[in-house]
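Trainee: quick one: sequence plus predicted model below, questions after.
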Amino acid sequence: MALTKNDIVARVHELGFTKKKSVDIIETLLEIIKNTLEKSEDVLISGFGKFCVKDKKQRRGRNPATGDDLILRERRVVTFKCSGKLRKKINGQPY
């Protein structure tokens, strides 16, 4: 099951913050991350990972339902690369 924003707010609330303050903290953090990515700047969270905005060029694609060829427009996508510490923790390895 996925961890939701409400789950994160609840865990912050458990630390002793009011429910409203917990929501404000999480909303502010997410807005900072979104605004930084919108400016095409990277977000590096030590021990967790790095969010980057990458430019994708226009390319040919295909509609899988009909098989028709089409052109996919240029766009920007967000990528995430986890830190070595997080990778080791996920794989059950010591730091």
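Mentor: Noted; the coordinates are in hand.
Trainee: kindly check the end-to-end length of stretch 50-64 for me.
Mentor: This stretch, stretch 50-64, spans 32 Å end to end (C-alpha to C-alpha, to the nearest Å).
Trainee: I should have written stretch 34-46 there, sorry.
Mentor: From the first residue to the last, stretch 34-46 extends over 18 Å; the measure is C-alpha to C-alpha.
Trainee: what residues of that stretch count as buried?
Mentor: Judged by neighbour count (16 or more other C-beta atoms under 10 Å), stretch 34-46 contains these buried residues: Leu37, Val43. For glycine as for every other residue, the C-beta is placed from the backbone atoms N, C-alpha and C.
Trainee: wait, a strand at Glu27?
Mentor: No - with DSSP: H, G, I helix; E, B strand; the rest coil as the criterion, Glu27 is helix rather than part of a strand.
Trainee: report how many residues lie close to it.
Mentor: The burial count assigned to Glu27 is 12, neighbours taken as other C-beta atoms under 10 Å.
Trainee: what do you get for Thr79?
Mentor: By the measure other C-beta under 10 Å, the count of residues near Thr79 is 10.
Trainee: wait, it touches Cys52, no?
Mentor: Yes - under the contact definition of C-beta atoms under 8 Å, Thr79 touches Cys52, with a separation of 5.1 Å.
Trainee: much appreciated, bye for now.
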